[in-house]
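Student: Quick one, what's the 3D model for this:
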Amino acid sequence: MISGTLLTCSFGLAPAALQVLPANRVMAGGPPAANIMDNIPIANIVPFGLCSSLANPTVASATAAALGVLTPMPCVPATVAPWTPGVPTVLIGGMPAVDTSCMLMCTWAGVITIAVPGQFTVMVP
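Tutor: Model (predicted):
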């Protein structure tokens with residue numbers, strides 16, 4: 001995956017673009033390529049609009065204040081573990097690369113997946 005890859009969260013309202021910093025100095029057709037450690041909230045994983053997970057304390061609090069009516073609140077990703085499973089045969093900055101089979105878990109119970117990879121293979125006849 002590369003910087004600009006479109007991500008979705010199972011509890012997020014809107015998609016968000018992966019932000020990959022050029023620290024590893026590996027480019028893939030222009031943008032920086034991602035490895036499993038590109039999981040830092042806000043720096044790499046930007047908010048997905050509103051969050052609807054009751055595991056998120058702000059959502060739980062707002063829902064309780066609304067007498068049990070689910071009340072989504074602004075998303076603040078809480079990703080502490082790396083992308084899994086990674087591609088161990090392709091290393092970027094000494095760490096496995098991220099591909100379309102990878103997912104990232106949010107502390108608030110969301111599963112972040114790749115919606116649009118941002119990089120495509122073009123077959124020329």
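
Student: what about the helices in this protein?
Tutor: 57-65 (DSSP state H).

Student: now it, which segments are flagged as low pLDDT?
Tutor: Applying pLDDT under 70 to the chain flags residues 27-29, 119-125.

Student: repeat that for 90
Tutor: 1-4, 21-33, 93, 116-125 (pLDDT under 90).

Student: residue boundaries of the strands in it?
Tutor: 6-9, 16-17, 50-51, 73-74, 87-92, 95-97, 103-105, 111-116 (DSSP state E).

Student: Can you redo those strands as a markdown table, where the extra columns are mean neighbour count and distance to Leu67?
Tutor: Heads up, the C-betas are built off the backbone N, CA and C, glycines and all. Converted to a markdown table, these look like this (neighbours: other Cβ atoms under 10 Å; distance: least, Cβ to Cβ, whole Å):
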| stretch | mean neighbour count | distance to Leu67 |
| --- | --- | --- |
| strand 6-9 | 20 | 26 |
| strand 16-17 | 17 | 31 |
| strand 50-51 | 20 | 19 |
| strand 73-74 | 15 | 16 |
| strand 87-92 | 14 | 47 |
| strand 95-97 | 20 | 46 |
| strand 103-105 | 19 | 30 |
| strand 111-116 | 16 | 29 |
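
Student: Which one of those strands lies nearest to Arg25?
Tutor: strand 87-92 (9.4 Å; Cβ to Cβ).

Student: With only the CA atoms kept, save that closest one in PDB.
Tutor: Output in PDB follows, covering the C-alpha atoms of strand 87-92 (Å, rounded to 0.1, in the frame of the first residue of the first chain):
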ATOM      1  CA  VAL A  87       3.900  -9.400   3.800                       C
ATOM      2  CA  PRO A  88       7.000 -11.000   5.300                       C
ATOM      3  CA  THR A  89       8.600 -11.500   1.900                       C
ATOM      4  CA  VAL A  90       8.600  -7.800   1.100                       C
ATOM      5  CA  LEU A  91      10.400  -5.500   3.500                       C
ATOM      6  CA  ILE A  92      10.100  -1.700   3.600                       C
END
